[in-house]
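Asker: Generate coordinates for the sequence data below:
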Amino acid sequence: MDIGFFSFIYEQLVEFAGHTAFSNLTWGHVVMIAVGLFFINLAITKHYEPLLLIPIGFGIIIGNIPFDLEADLQIGIYEEGSVLNMLYFGVQRGLYPPIIFLGIGAMTDFSSLLSKPRLVLLGAAAQFGIFAAYSFSLFLGFEPDQAGAIAIIGGADGPTAIFLSSKLAPEFIGPIAIAAYSYMALVPVIQPPIMRLLTTKKERVIRMKPPRAVPKQEKIIFPIVGILLTTFIMPTALPLLGMLFFGNLLKESGVTNRLAETARSSLVDIVTIFLGLTVGASTQATVFLTTESLMIFGLGAAAFVIATFSGVIFAKVMNYFSPADDRINPLIGNSGVSAVPDSARVSQHIGLEYDKTNHLLMHAMAANVSGVIGSAIAAGILLSFLA
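Answerer: Numbering: from 1, shown residues only. Have a look, this model is predicted:
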């Protein structure tokens, strides 16, 4: 055969090899792919937020399949016109979080909160972690708008973190979202040691009064009063709280069952898939593995720990002003963060360790749903001052 033929074949093979991921692979890509596999493993073996961690973990793998960035292939999430880039639009513009809040509202029963309104204070107390993290971020040299976006991680609320970072610090959406969802998933790991450290055995077995039965009319009125009260105080929280209370009205009205079912099932599932996958894919090693990203993870951890600490301590403080027969079990203080319903389940689990007949779940859910509202209001406050 002509030697020119073999030369041509060799050149074609070399060119083909140059287009494979192997030729563009870096250690950063390997590290991020390992992180994606770790998330998937946590979701499958530990059942830590599998509906979130599997899409995010697989998205991390997708986002770290390396390719020639100069070839204009339009396959990466940061390349305008690519499919991933179009799906990522919902993250960048803050579209997905309000839809998720709609689904949360349609899932949530606010009866526990309406039964014991004072437990809303636990949701407010847990937001101290957000404002503490804001101060720490400023101290470390972040700009005020970046510090506000980072601080919201302390609420352990992924959609709110994405919404606020899309407005204040879009360059940090990836690290902030991954940190927020990571700490949401690790609630059963992070919170129990703090709860045990801050409470005595006597406090852990406090029995709370059973919640009262809440009439249907009260449940219907609540989302209407809630939207008027919260958004008149903080209009910048309207995109999140408006959808939350709208979803709850769909649920409680009794005449829009089809809409409520769609909001809490197929609609929120579709958006969760797109959000998780694109947030994961946004963690390309070339833009994600930075000093700022590591600092964001550290600040997020500090914010989450402080939020848990604040909720438990405030529950103990409330007991100083409560009648002896109506005290609060401080184990529900951790539920002031808005990781619904995982933090409430942690309260229940730890409570049962010390008294197998003391069920705290309903009480913890009151603080938990208060935390959802509280983190959205905190985001609105930061947005109004920093946007």
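Asker: Next one: the nearest residue to residue 25 once chain neighbours are set aside from residue 12, what distance?
Answerer: Once flanking residues are discounted, residue 25 sits nearest to residue 66: 5.2 Å by CB to CB, 6 or more residues apart in numbering. C-beta coordinates here come from the backbone N, C-alpha and C atoms, glycine included. Here residue 66 is placed at a distance of 21 Å from residue 12 (CB to CB, to the nearest Å).
Asker: Which one of these two is surrounded by more residues?
Answerer: Comparing residue 66 with residue 12 by neighbour count (other CB atoms under 10 Å), the higher total belongs to residue 66, at 20 against 10.
Asker: Return the distance of the helix or strand containing residue 190 from the chain's centre.
Answerer: Element membership of residue 190 [criterion: DSSP states H and E] is helix 187-198. When distances are taken as CA atoms, centre = their mean, to the nearest Å, helix 187-198 is centred 18 Å away from the chain's centroid.
Asker: hey, C-alpha coordinates of it in CSV?
Answerer: What follows is helix 187-198, C-alpha atoms only, in CSV (Å, rounded to 0.1, in the frame of the first residue of the first chain):
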residue,chain,number,x,y,z
VAL,A,187,-28.6,17.4,58.2
PRO,A,188,-28.7,14.0,59.8
VAL,A,189,-25.0,14.0,60.2
ILE,A,190,-24.3,17.7,61.2
GLN,A,191,-27.2,18.5,63.6
PRO,A,192,-27.4,15.6,66.1
PRO,A,193,-24.0,16.2,67.8
ILE,A,194,-24.8,19.9,68.2
MET,A,195,-28.3,19.1,69.7
ARG,A,196,-26.8,16.6,72.2
LEU,A,197,-24.0,19.1,73.1
LEU,A,198,-26.5,21.9,73.9
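Asker: Helices of the stretch 251-387 of the chain, residue ranges please.
Answerer: Here the stretch 251-387 of the chain has its helices, by DSSP state H, counting those that start in this stretch, at 257-262, 268-281, 285-288, 291-320, 342-354, 361-386.
Asker: Which of those helices sits closest to residue 54?
Answerer: helix 268-281 (7.6 Å; CB to CB).
Asker: ok, now how distant is residue 150 from residue 128?
Answerer: 16 Å.
Asker: ok, these two, which is more surrounded?
Answerer: Between residue 150 and residue 128, counting by other CB under 10 Å, residue 150 is the more crowded of the two (34 against 20).
Asker: For the more buried one, pull up the helix or strand it's in.
Answerer: Assigned by DSSP H and E, residue 150 falls in helix 144-151.
Asker: If you count contacts, what does the next helix or strand along the chain from that helix end up packed against?
Answerer: Following helix 144-151 in sequence order, the next helix or strand is helix 158-168 (DSSP H and E). The contact analysis (3 or more CB pairs under 8 Å, 6 or more residues apart in numbering; DSSP states H and E) places helix 158-168 against helix 83-92, helix 96-107, helix 144-151, helix 173-185, helix 238-253, helix 268-281, helix 361-386.
Asker: Quickly, which of those helices bottoms out on average pLDDT?
Answerer: Ranked by mean pLDDT, the helices and strands packed on helix 158-168 bottom out at helix 173-185, with a mean of 88.
Asker: Tell me which other helices or strands that helix touches.
Answerer: helix 50-63, helix 83-92, helix 158-168, helix 268-281, helix 285-288, helix 291-320.
Asker: So which bits of the first one are buried?
Answerer: Going by neighbour count (16 or more other CB atoms under 10 Å), the buried part of helix 50-63 is 50, 52-63.
Asker: what sits up against the helix holding residue 190?
Answerer: Here helix 187-198 makes contact (CB atoms under 8 Å, 6 or more residues apart in numbering) with 48, 156, 183, 301, 304-305, 308-309, 312-313, 316, 330-331, 333-334, 337, 339, 342-343, 345-347, 349-350.
Asker: redo that, cut-off 7 Å
Answerer: 156, 183, 304-305, 308-309, 312-313, 331, 334, 339, 342-343, 346, 350 (CB atoms under 7 Å, 6 or more residues apart in numbering).
Asker: after that helix comes which helix or strand?
Answerer: Toward the C-terminus, helix 187-198 is succeeded by helix 201-204 as the next helix or strand (DSSP H and E).
Asker: Now stretch 242-254: buried residues?
Answerer: For stretch 242-254, by 16+ other CB under 10 Å, it's 242-252.
Asker: Make CSV from those and add distance to residue 169 to it.
Answerer: What follows is these, written out as CSV (distance: CB to CB, whole Å):
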residue, distance to residue 169
242, 23
243, 22
244, 23
245, 27
246, 28
247, 27
248, 30
249, 32
250, 33
251, 34
252, 36
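Asker: List just the nearest of those residues to residue 72.
Answerer: Closest approach to residue 72 among the buried residues of stretch 242-254 (CB to CB): residue 243, at 37.6 Å.
Asker: what about the closest one, distance to residue 159?
Answerer: When residue 243 is compared with residue 159 (using CB to CB), they lie 10 Å apart.
Asker: Okay then, goodbye and thanks.
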